[in-house]
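1. pasting the structure only:
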């Protein structure tokens, strides 16, 4: 299902890899090493491996269905094609509101807090208001003027955020204490499951880069190579960072809950090292936001294109720049509003749960297409039939089972509310004989 939507295919292999890594590596890795180590100690490596293997399995599923359905929309397009408009409606709203907007708002406030370390005025509300307006407005402007310019920013941010992380991952070995990195196996499956659910927050995002599938060159080859290369790079980098952070900080790691990597940089190279990490963290958060503004409007665009109860104007394409300009503006405005009105909160678990629901839908779509053989021709096939998708389903369900009763209730209420909204809108549209072209 390779459709010409009026968008330009200008994203190559390394553009896709940069886009994917940029979204995956946000604020999480700068904080999570403490949370993981506090719960699992030197056995924390198991949580990273579980998340890494699961993400590789899930990305294999994305690679297969992504070479079958290459139109813009990513996970939304895959699930909507397999299971219909209701599933597409749920996916769109879970993706936008459950996983993206709230996370964007949290990261934006985290970025402002990080800048406040250097410029105290960023603690003032009016300064943050102006900052958020300029950031979201500027990124929207760049994205409207063409995906090529947006990808250039993504590539720059990716390099900027990787510098301090690579410094810690590779040079940190010269500063660590070997006795602090012994691998233990005494953690319970419940502890590992709970931490894996939180840690998954630092791994999600690779699939978001496929929202621009309609703008990827030679998607049949670029998508599987790019998506697998990016997740492998991230898994290796995260494991190296966790090992070096624990090896350098040892038992004192919990004393640096808010900025463990900054303390590692300080112990390695003094004030210069700490500053490099702080700047890298700022670029990481900014890069995460810029990547979301590049990718998430494509979900709105795709849902409006398919008449999934969204204003059809969201599917408009700019006559000069060939970008979904209205969707970009709408997403940026919503992100700005939530950033101004919200506060930085720990949304890792609920955000991970939202992503897991989307992943579950995509994995089930792969199984569905394999059984029905009606999804089009995939240029990449997962080896082993449906074994890997089936394992992915079981692991996803296991991770979701680690949600607390309150979190599970909140997620169910969210799904019920969305379902009611969908049914009500459908009822009134049908009653008044109104088409879905709002």
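-> Now that the structure is in, tell me what you want to look at. Here the structure is a predicted model, which means the values were calculated and not measured. Numbers count the residues shown, from 1 in each chain.
2. going forward, measure contacts between C-alpha atoms and count neighbours the same way
-> Noted.
3. Can you pull the phi and psi angles for residue 323?
-> phi -130, psi 150 (degrees, to the nearest 10).
4. How about residue 145?
-> Given degrees, to the nearest 10, the pair of backbone angles that residue 145 has is phi -80, psi 0.
5. ok now stretch 39-55, how far from the chain's centre?
-> Centroid separation between stretch 39-55 and its chain, computed with CA atoms, centre = their mean, to the nearest Å, is 19 Å.
6. could you pull out the strands for the protein?
-> Counting by DSSP state E, the chain has no strands at all.
7. average pLDDT across the top helix by length along it?
-> Identified as the longest helix of the chain according to DSSP state H is helix 260-295. Across helix 260-295, pLDDT averages out at 85.
8. next one: that helix to chain centre, how far?
-> Mean-position distance between helix 260-295 and its chain equals 18 Å (CA atoms, centre = their mean).
9. Of all the residues in stretch 405-417, which ones are buried?
-> Judged by neighbour count (16 or more other CA atoms under 10 Å), stretch 405-417 contains these buried residues: 408, 411.
10. Identify all contacting residues around it.
-> With CA atoms under 8 Å, 6 or more residues apart in numbering as the test, stretch 405-417 has contacts from 90, 350.
11. before we move on, what about stretch 331-342?
-> Residues outside stretch 331-342 that contact it (CA under 8 Å, 6+ apart) are 101-102, 104-106, 108-109, 128-129, 132-133, 136-137, 140, 293, 296-297.
12. confidence score at the residue nearest to residue 358 when sequence neighbours are not counted?
-> The spatial neighbour of residue 358 that comes closest, neighbours along the chain excluded (CA to CA, 6 or more residues apart in numbering), is residue 91 at 6.5 Å. Confidence at residue 91, expressed as pLDDT, is 87.
13. The one 4 residues further on too?
-> pLDDT, the model's per-residue confidence, is 79 for residue 95.
14. got the residue ranges for the helices in the stretch 251-400 of the chain?
-> Listed in chain order, the helices found in the stretch 251-400 of the chain under DSSP state H, counting those that start in this stretch are 260-295, 297-305, 325-341, 348-372, 387-400.
15. any idea which of those is most buried?
-> helix 297-305 (a mean of 27; mean count of other CA atoms under 10 Å).
16. so the longest helix of the chain versus helix 297-305, what angle?
-> Regarding helix 260-295 and helix 297-305, their directions subtend 30 degrees when assessed with axes from the mean of the first three to the mean of the last three CA atoms, to 10 degrees.
17. packing partners for helix 260-295?
-> On a contact count with 3 or more CA pairs under 8 Å, 6 or more residues apart in numbering; DSSP states H and E, helix 260-295 meets helix 13-24, helix 102-118, helix 125-144, helix 147-166, helix 219-249, helix 325-341.
18. For residue 59, find the nearest of those helices.
-> Taking CA to CA as the criterion, helix 219-249 is the member of those that comes nearest to residue 59, at 6.6 Å.
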